[in-house]
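Q: Next comes the sequence, and after it the predicted model I'd like to discuss.
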Number of protein chains: 2
Amino acid sequence: MDEALTESDAIGLAKGFKALGDPTRLRLLSLIAARADDEVCVCDLTDAFEVTGPTISHHLRVLREAGLIDCERRGTWVYYWIIPSALAPLSQLLDTSTLDTSMLSAANAS
Amino acid sequence: MDEALTESDAIGLAKGFKALGDPTRLRLLSLIAARADDEVCVCDLTDAFEVTGPTISHHLRVLREAGLIDCERRGTWVYYWIIPSALAPLSQLLDTSTLDTSMLSAANAS
DNA sequence: CATTTGTTTTGATAGCTGTCTAGACAGACA
DNA sequence: TGTCTGTCTAGACAGCTATCAAAACAAATG
């Protein structure tokens, strides 16, 4: 057997997974990712859910503080987009085709 | 833009990510995955952490109830192993190289 | 400047989570 | 059968989280 995730690496990666561990946030992320122009206005997101605006704003903040998305205000509206380089190490960590080695490379990358 | 995750798909996938959203569980998973023989005894896991045995047991249960690992008692010891097919859709969902289409295929697979 | 619309922040609350200690259970073995 | 060791469950508790209503903030526009 080889070494695996260090504690500090695990802490960093777990923050990302924790942010993804909510159905509303997962759908928010997929809605943002599905946009052809790679960014989406909050007003379009709010309409797709049954929860209130402040709740959507809260979830977007969690995703942003986890470093998975970013946003910018342009005039009246605020636009969000995905940060692919933040998602990549999370995806690689779970890649079962090269699971044990990806554990190490993801640890080094973070 | 295309469709994205449905609510029920998001609920299922979020369960997996939620289970991964803790540093101890992430390290447990990596320790199990790093074993050459693909399975590991609880006693080996407990020694690698500072938390108590019951806490490790709790985290293993969370991972098991999320369907990410499974276990079997053989004599005195209990052995755990990873379920790669449960990790794959989570990894694919975050694969930024094919992000929007993987959202759909993961939804169909779950 | 006042108003309207889009978005976020604040404050409150119910429910969940990670951790512990104490105790229970399972198997091995004398 | 009794005892020892490995593992899990039960119960308790502090801290965190998802949600909402109400209020605040930001930009556009009359």
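A: Sure thing, it's come through.
Q: Point out the other helices and strands that the host helix or strand of residue A:79 packs with.
A: Secondary structure from DSSP states H and E places residue A:79 in strand A:77-82. Strand A:77-82 is packed against helix A:23-33, strand A:40-41, helix A:42-46, strand A:69-74, with contacts defined by 3 or more C-beta pairs under 8 Å, 6 or more residues apart in numbering or on different chains; DSSP states H and E. C-beta: built from backbone N, CA, C; applies to glycine.
Q: Looking at the ones you listed, which one is packed in the most?
A: Mean neighbours per residue, mean count of other C-beta atoms under 10 Å in any protein chain shown, is largest over the helices and strands packed on strand A:77-82 for helix A:23-33, with a mean of 24.
Q: Using PDB, write out every CA atom in that one.
A: Extracted C-alpha coordinates of helix A:23-33, given in PDB (Å, rounded to 0.1, in the frame of the first residue of the first chain):
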ATOM      1  CA  PRO A  23     -29.100  19.300  -4.100                       C
ATOM      2  CA  THR A  24     -29.900  23.000  -4.700                       C
ATOM      3  CA  ARG A  25     -26.200  23.900  -5.000                       C
ATOM      4  CA  LEU A  26     -25.600  21.000  -7.400                       C
ATOM      5  CA  ARG A  27     -28.500  22.200  -9.600                       C
ATOM      6  CA  LEU A  28     -27.200  25.700  -9.400                       C
ATOM      7  CA  LEU A  29     -23.800  24.600 -10.500                       C
ATOM      8  CA  SER A  30     -25.300  22.500 -13.400                       C
ATOM      9  CA  LEU A  31     -27.400  25.400 -14.500                       C
ATOM     10  CA  ILE A  32     -24.400  27.700 -14.600                       C
ATOM     11  CA  ALA A  33     -22.300  25.100 -16.400                       C
END
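Q: which outside residues touch that helix?
A: Helix A:23-33 is contacted from outside by A:19-20, A:39-40, A:44-45, A:48-49, A:51, A:55-56, A:59-60, A:62-63, A:68-69, A:80-82, B:4-5, B:7, B:10-11, B:13-14, B:17, B:99-100, B:103, using C-beta atoms under 8 Å, 6 or more residues apart in numbering or on different chains.
Q: What subset of those residues is buried?
A: Buried members of the contacts of helix A:23-33, counted by 16 or more other C-beta atoms under 10 Å in any protein chain shown: A:19-20, A:39-40, A:45, A:49, A:56, A:59-60, A:62-63, A:68-69, A:80-82, B:4-5, B:10-11, B:13-14, B:17, B:99-100, B:103.
Q: DNA strand C next: which of these are close?
A: A:56, A:60 (C-beta under 7 Å from any atom of the strand).
Q: If we ignore the residues flanking it in sequence, what's nearest the residue nearest in space to the middle of chain A?
A: Central residue of chain A (C-alpha atoms, centre = their mean): residue A:68, 3.5 Å from the mean position. With sequence-adjacent residues excluded and distances taken as C-beta to C-beta, 6 or more residues apart in numbering or on different chains, residue A:68 is closest to residue A:86, at 5.1 Å.
Q: what about the one you found, which SS state?
A: helix (DSSP: H, G, I helix; E, B strand; the rest coil).
Q: Figure out how far stretch A:55-73 is from the centre of its chain.
A: 9 Å (C-alpha atoms, centre = their mean, to the nearest Å).
Q: I figured residue A:43 hits residue A:79, correct?
A: No - using C-beta atoms under 8 Å, residue A:43 is not in contact with residue A:79; the gap is 10.2 Å.
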